[in-house]
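Q: My questions concern the predicted model and sequence given below.
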Amino acid sequence: MILEPNVGQIVLQLVLWLPAIGAAVVALAGNGRAEASTVDHDHPAAEGASLRAWRIATFFAAITFILAAWLLIGFDRSNANQYQFETRIGWLPFGSDYRIAVDGLSMPLLALNALLTLSAVAGSWRIAMRQPLYFSLFLILESAVSGVFTAGDLFLFFLFWELELIPMFLVIGIWGGARREYAAFKFILYTVAGSAFMLVGIFLVAYYGPRPLTFGIAELARFNFAQYGTGIASLGGIAFILLFIGFAVKVPVFPFHTWLPDAHVEAPTAGSVMLAGVLLKMGGYGLLRLCVTLLPQAAHDWQWLLIILAVVNSIYGAFVALAQTDLKKMIANSSISHMGYVLLGVAALTQIGFQGALLVMVAHGLYSGLLFSMVGLVYDRTHTREVGAMSGLAARMPFIASVFMIAGLASLGLPGLAGFVAEFTTFIGSYGVFPLATILCVSTIAITAGYILWRLGSVFFGPLLDEWGTLGDAIWRERVSVGLLAAATLLIGVVPSVVADMSAGGVAPIAARLVGLGS
Amino acid sequence: MWLIDKLVIGVSYALAVFDRQGLDRLVNGIADLFASGGSVLRTTQTGRVQNYGLALFGGMAVIALVLVIVPLVRQ
Amino acid sequence: MNTPIPLPTVTAEDLFFGLILLGPVLVVIVTAVVVLLIDLIITDWLSRRPLMWISALGLLVGIATCGLLWLGGYVGKSAFGGFLVLDGFALFFEALFLLAAMLVILSATTFADREELFEAEFYVMVLFSTAGLMLMASGNELITIYLALEVTSLSLSFLAAWNKRDAIAGQGLKSTEAGIKFFLLSAMSTAILLYGMALLYGVSGATTLVDISRVLTGAPSPAALLSVTMLIAGLGFKIAAAPFQLWTPDVYQGAATPATAFFSVGSKAAGFAVILRIFNGALPGISPEWSVLFGVLAFVTMTAGNLIAIVQTNIKRLMAYSSITHVGYMLIGLAAANADGSSAVMFYLLAYAFTNLGAFIVITIMANYAPDDEISGYVGLAQRSPVLALGLTLALLSLAGIPPFVGFFAKLYLFLAAIRVNSVGLQLLVIWALIMSAVSLYYYGRVIHAMWMRDAVESERVHPASFSQGLALAASMAGVVAFGIFAAPFLNAAVSASSIFGR
């Protein structure tokens, strides 16, 4: 069952690079002739569009997903705290090597990325303009995000971090909604500004780290930065806050979250799925892998800020979501709220807290990807996202209604679905350290339940309005693509050990670094 | 119970407005700051070569002032 | 106080040796003369296109000569009593100029095809400028550098005005204006430079950079500081550093696009080569003073360049302000005042050369389709010519510092070198530079937005005007994509080249 290291190495490199190769193939060979099978009454614009690019892209995404799943199954859970399947090649003369590996922290996220890309790509069959470009951008995005999760070198990490910007920028800007250009620019400029601070943090860490100069995460993690002093104004403290700003824009953490509603709303459905499902997780992953692992003393010194922001995120996101009447905007704000739980887990600085943060990331990736996919399906049919305009849709689209409800219930933490185990673990991990904060965050679940049940209920149940009388349900392509996500949500909910057991080992080294750091 | 409902919904509307009008405006304002800085600096580009020559000489003079004359005067 | 150091005596062998070291320069000059003569001799109705290939061939031979000299162990040798030196630093820049000139000449066909313009003169002027640039990089003594600079400036003025009879979109008038502006201001700045050099001679009693460095140690005299100021003013004009950069947008916009490309790459790199040589070679003794000065200039330059670029709508002016900004970044490497910083600047210039040339080649190709060079002419380019749009996009992303292109690596290496100096001022400067990089993504993004996110108004497909243009574009793009990921050999070359600067 466990993968051989050499085989695993090759598989990992394939998972990382195959999407990029696929992107080139799609870009060059994706133009095909119109096909009759795309005739679909709900979406006349798709008539006559070619499905060739979609087929090639789905093929590559599917292969990548199978390989990633293979890695997930073959991962050695008893050694989850170690880097596995590592590839290391000497690269740049200033201490940066090409190092790619997975451990218990990054393996679930890598698999999540592969699954979400497959679902997003498969669900994008309706895209009618410039398909080769569209699909190649998504595949490049998949490679870039995989690179972020598997990079073992800070320079390489930053390289992949910046690499995902342009595909997302173009996706939002070309295939997005009415204000797509504004949203695209906002997204990219905001993120790049944040990553400027992150880069300075990386430089500081590398420069003040061990000699000879190295950017390797493993080496830097062993280094004790506390020797330069402790406290928030020490070298460690400054590097921590610089790195934090970069990740805070991505997670997003209040007050750096204002790009998210615009980007999510204006992005095309698959774009929102990737954005909410994976890109936000890059921020959380960075927090764990860089901020806390490299600078545990500084994490301890800044803990007070982290916990405040965690609570603010949860409460703020939930309340603003409640006030929204645009479904997509509501889900976007709920993402802000749920990432508050991730921050709560990180701020607790306990192993269980970290585990919880990781599990929330995985679970949220699944159910928010699902939520955005469902919104997309509804929008394709009704051409509106306003909750006030829709009512009683469950009568016309029962499949969509049920899966949408599954997603919504997962997001409010219903046991049996992915969100419950994740949130529960997080709260257990943080209650011992910050009981009040934990209670506040738990209470936001009530608000989440409020907006999810209220809005979804009003959209799907109740009297069917006349104008929606002729809508159709999801077709087989759509059922497959969302079915994957729904199945995963259910699976993680019922058998969380698929990812939970390696998550414990994955975050153990991080927690170990925090032992004995005052109270 | 309706009181709690009203309270919760009221807070959420207030926060939503703050998010849109307050924070968003702030962020966009920073961006506009850079753009208006650009417009202001653009006026130095007069297109007249005499002005360019003056800037060349003047820039040099300022640097000379700071680097050379000020330390001399200080002594 | 300072007895003048006597000039060395030069024997016939020295002369011959010097000519060998000058080999690449001589090849270029001979090519230029050959092209000039052929153009004069052959009749008007014969095509001048073969002359382009002859020029390119001559440049290729020049590169081969550089390689031969390197293999033959001539690296590190000096001639003419130390006035000329062929170290790794000089070879690096000479190869760079030769490559840049080749790409520029190959890509100029859009303009060379225009009937009103004299094609051969363009090639000759580029060749003469290249020779001057190469001499600037290998001069190790003040007067030699000054001479080379004058040769270059004169040729570049001609180059800027080359387009003077172009009837399309009023280019002719703009080109004449560009030429005159450049000529006047370069005359003024080289006068200031010469005065500064004279002061430097007066203070140290020597004109060879090595000898000057031996004299200038300890606390600098006011005269030395004044000479530094004038040197920076004169050379700052060449590299387009604020506040000496005002000529750049007008000249870049007015000159023919291939000429602009050559300006932005060649003249800038040579200016930096001279600055690196003089300041690291002759003035290391007073480095605390000039490194702070460079830091301040870096701040002003990159801020001004970036902010004004935001409001531009003309793509050539945008590129002009983008060059100013990149000079600002490179000045940070100068402010670091050590070998690390110098090697970072050299690698940055290499990266910048390929990136900028690639961008300008696309703009040259587009000159027939968007004659007024406005960004609005580029709308929908992704549909009209995906290859060209991709080429320009890659170049712009590299300029913005987005991976995996060479600009990203160059920028990061430069900032890393600056941070390692361990000075708070420099670290703050790097933070500001990164923020400015983020801002720059806005105006580069606007061009990308026009090309990809807007639908084409015209449906006419866009093609390169000739095979050589496509070749040049492909070569630059290969550089942009490959030199970053495979940066190690080039970085090592730059590091070993700047080892002459000691620290």
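A: That came in fine, so what should we check first? Numbering: from 1, shown residues only, chains lettered A, B, ... in the order given.

Q: Keeping just the C-alphas, turn the longest helix along chain B into CSV.
A: Taking DSSP state H as the criterion, chain B has its longest helix at helix B:24-42. What follows is helix B:24-42, C-alpha atoms only, in CSV (Å, rounded to 0.1, in the frame of the first residue of the first chain):
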residue,chain,number,x,y,z
ASP,B,24,-13.3,49.5,0.3
ARG,B,25,-13.1,53.3,-0.1
LEU,B,26,-10.0,53.4,2.0
VAL,B,27,-8.2,50.8,-0.1
ASN,B,28,-9.3,52.4,-3.4
GLY,B,29,-8.2,55.7,-1.9
ILE,B,30,-4.7,54.5,-1.5
ALA,B,31,-4.6,53.4,-5.1
ASP,B,32,-5.9,56.8,-6.2
LEU,B,33,-3.2,58.4,-4.1
PHE,B,34,-0.5,56.8,-6.3
ALA,B,35,-2.3,57.7,-9.5
SER,B,36,-2.6,61.4,-8.5
GLY,B,37,1.0,61.4,-7.5
GLY,B,38,1.8,60.3,-11.0
SER,B,39,-0.3,63.1,-12.5
VAL,B,40,1.4,65.6,-10.4
LEU,B,41,4.9,64.4,-11.2
ARG,B,42,3.9,64.2,-14.9
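
Q: buried ones in it?
A: Residues of helix B:24-42 classed as buried: B:24, B:27, B:31, B:34, B:37-38, B:41-42 (neighbour count, 16 or more other CB atoms under 10 Å in any protein chain shown). The way it works is simple: take the backbone N, C-alpha and C, and place the C-beta from them, glycine included.

Q: With stretch A:498-506 instead?
A: Those would be A:498-500, A:502-506, for stretch A:498-506 by 16+ other CB under 10 Å.

Q: Ok, stretch A:93-100 next?
A: Buried-residue list, stretch A:93-100, by 16+ other CB under 10 Å: A:94-100.

Q: Centre-most residue in chain B?
A: Nearest to the mean C-alpha position of chain B, by CA atoms, centre = their mean, lies B:Leu33 at 4.0 Å.

Q: what's the spacing between that residue and C:Asn140?
A: Distance of B:Leu33 to C:Asn140, computed by CB to CB, to the nearest Å: 47 Å.

Q: who in chain C is up against chain A?
A: Residues of chain C lying close to chain A by CB under 8 Å from any CB of the partner chain are C:382, C:397, C:401-404, C:408-409, C:412-413, C:415-416, C:419-420, C:427, C:430-431, C:434-435, C:437-439, C:441-442, C:445, C:448-449, C:452-453, C:487-488, C:491-492, C:495.

Q: Now which of those would you call buried?
A: Buried, going by 16+ other CB under 10 Å: C:382, C:397, C:401-404, C:408-409, C:412-413, C:415-416, C:419-420, C:427, C:430-431, C:434-435, C:437-439, C:441-442, C:445, C:448-449, C:452-453, C:487, C:491, C:495, out of those.

Q: still on that earlier bit, reformat the buried residues of stretch A:93-100 as JSON lines; add secondary structure.
A: Listed next are these as JSON lines, based on DSSP: H, G, I helix; E, B strand; the rest coil:
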{"residue": "A:Phe94", "secondary structure": "coil"}
{"residue": "A:Gly95", "secondary structure": "coil"}
{"residue": "A:Ser96", "secondary structure": "strand"}
{"residue": "A:Asp97", "secondary structure": "strand"}
{"residue": "A:Tyr98", "secondary structure": "strand"}
{"residue": "A:Arg99", "secondary structure": "strand"}
{"residue": "A:Ile100", "secondary structure": "strand"}
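
Q: Looking at those residues, spot the one nearest chain C.
A: Distance to chain C, by CB to the nearest CB, is smallest for A:Phe94 among these, at 6.4 Å.

Q: Thought C:Tyr413 was touching the closest one, still the case?
A: Yes - using CB atoms under 8 Å, A:Phe94 is in contact with C:Tyr413, at 6.8 Å.

Q: what do these two both touch?
A: Common contact partners of A:Phe94 and C:Tyr413 (CB atoms under 8 Å, 6 or more residues apart in numbering or on different chains): C:Leu491.

Q: What separation do you get for the residue nearest to C:Val457 when sequence neighbours are not counted and chain B?
A: Spatial nearest neighbour of C:Val457, excluding adjacent residues (CB to CB, 6 or more residues apart in numbering or on different chains): C:Val379 at 6.0 Å. The gap separating C:Val379 from chain B is 21 Å, by CB to the nearest CB, to the nearest Å.

Q: Run through the residues that contact C:Val379.
A: C:Val379 makes contact with C:450-451, C:454-457 under the criterion CB under 8 Å, 6+ apart.

Q: Can you lay out those residues as a markdown table showing distance to A:Val121 and secondary structure?
A: Formatted as a markdown table, the contacts of C:Val379 follow (distance: CB to CB, whole Å; DSSP: H, G, I helix; E, B strand; the rest coil):
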| residue | distance to A:Val121 | secondary structure |
| --- | --- | --- |
| C:Ala450 | 28 | helix |
| C:Met451 | 24 | helix |
| C:Arg454 | 25 | coil |
| C:Asp455 | 24 | coil |
| C:Ala456 | 27 | coil |
| C:Val457 | 31 | coil |
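
Q: Taking these, tell me the two that lie furthest apart.
A: C:Met451 and C:Val457 (12.6 Å; CB to CB).

Q: Looking at those two, which is more packed in?
A: For C:Met451 versus C:Val457, neighbours defined as other CB atoms under 10 Å in any protein chain shown are more numerous around C:Met451 (26 against 11).

Q: what's that one in contact with, if anything?
A: Taking CB under 8 Å, 6+ apart, we find C:Met451 in contact with C:378-382, C:389, C:392-393.

Q: try A:Ser143
A: A:Ser143 makes contact with A:16-17, A:19-20, A:23, A:163, according to CB under 8 Å, 6+ apart.

Q: And C:Leu397, by the same measure?
A: The contact partners of C:Leu397, taken as CB under 8 Å, 6+ apart, are A:166, C:405, C:407, C:444, C:448.

Q: Out of the residues you listed, give me the two with the largest separation.
A: Going by CB to CB, the pair spanning the contacts of C:Leu397 furthest: C:Gly407 and C:Ile448, at 14.3 Å.

Q: Would you mind giving the domain segments of chain B?
A: Domain assignment for chain B, taken from automatic domain parsing, gives B:1-43, B:47-75.

Q: quick check: mean pLDDT across the first one?
A: Averaged over domain B:1-43, pLDDT sits at 86.

Q: touching chain A at all, it?
A: Yes - Domain B:1-43 comes into contact with chain A (CB under 8 Å from any CB), by way of B:8-9, B:11-13, B:15-16, B:19, B:23-24, B:27, B:31.

Q: Verify the contact between C:Leu399 and C:Ser322 for me.
A: Yes - with contact defined as CB under 8 Å, C:Leu399 counts as touching C:Ser322 (6.0 Å).
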